[in-house]
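> sharing a sequence plus its predicted fold:
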Amino acid sequence: LKQVFNKDKTFRPKRKFEPGTQRFELHKRAQASLNSGVDLKAAVQLPSGEDQNDWVAVHVVDFFNRINLIYGTICEFCTERTCPVMSGGPKYEYRWQDDLKYKKPTALPAPQYMNLLMDWIELQINNENIFPTSVGKCKEEK
């Protein structure tokens, strides 16, 4: 368990919503519905009167945090030696391209691919133009 919370590993602390904000309240509602054992379709339905973009943003951040936790529990078992390819079974191989360092789809070991992916997702979530922290003030991408 100590490995999961090692700062140098791929685990990252959860992005938190400021208590007292509308997004914090939406997060609490999302958590309550997901933990109540109810129908998932009903759990993710937009609550009446809430902004769809805020609701989606809350679920994206929660999903990222959960995936991060799950990956943190298995990352020590998937090394560059044991997982030399990022694959989705024998038929699919994932290649990384970011148009910065990797200009063409590049085969990478699974841990390296996952680190790049998690960093990229975190950048998207923290980008104010995509996920503004001011509720109700969505900025359109140009």
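Sure, I can see it. Fair warning: this is a prediction, and the values are worked out from it, not measured in the lab.

> skipping its backbone neighbours, what lies nearest residue 62 in space?
residue 30 (6.1 Å; CB to CB, 6 or more residues apart in numbering). Bear in mind the C-beta positions are built from the backbone N, C-alpha and C, glycine included.

> could you look up the SS state of the spatially most central residue of the chain?
Per CA atoms, centre = their mean, the C-alpha nearest to the average position across the chain is that of residue 64, at 2.0 Å. Residue 64 carries the three-state label helix when classified by DSSP: H, G, I helix; E, B strand; the rest coil.

> what does residue 71 give?
Quick answer, by three-state DSSP: residue 71 is helix.

> residue numbering should commence at 280 henceforth.
Understood, numbering begins at 280; the last thing we discussed is residue 350.

> wait, it sits on residue 397?
Yes - under the criterion of CB atoms under 8 Å, residue 350 makes contact with residue 397 at 7.3 Å.

> so where do the helices sit in this structure?
With helices called from DSSP state H, the chain shows them at 301-314, 319-322, 331-353, 389-404.

> the ones you listed: which one's closest to residue 361?
Nearest to residue 361 among the helices of the chain is helix 389-404 (8.6 Å), distances taken as CB to CB.

> show me the contact partners of that closest one.
289, 291, 294, 339-340, 343, 347, 350, 354, 357-359, 362-366, 373, 375, 377, 387, 409-410 (CB atoms under 8 Å, 6 or more residues apart in numbering).

> how about the helix or strand of the chain with the lowest mean pLDDT as CSV, C-alpha atoms only?
The helix or strand of the chain with the poorest confidence is helix 301-314; it has a mean of 70 (mean pLDDT, DSSP states H and E). What follows is helix 301-314 as a C-alpha-only set of coordinates in CSV (Å, rounded to 0.1, in the frame of the first residue of the first chain):
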residue,chain,number,x,y,z
GLN,A,301,-22.0,24.6,-6.7
ARG,A,302,-19.5,22.1,-8.2
PHE,A,303,-18.8,20.8,-4.7
GLU,A,304,-22.5,20.2,-4.1
LEU,A,305,-22.8,18.4,-7.5
HIS,A,306,-19.8,16.3,-6.6
LYS,A,307,-21.4,15.3,-3.3
ARG,A,308,-24.6,14.4,-5.2
ALA,A,309,-22.7,12.4,-7.7
GLN,A,310,-20.9,10.5,-4.9
ALA,A,311,-24.1,9.8,-3.1
SER,A,312,-25.8,8.5,-6.1
LEU,A,313,-22.9,6.3,-7.1
ASN,A,314,-22.5,4.9,-3.6
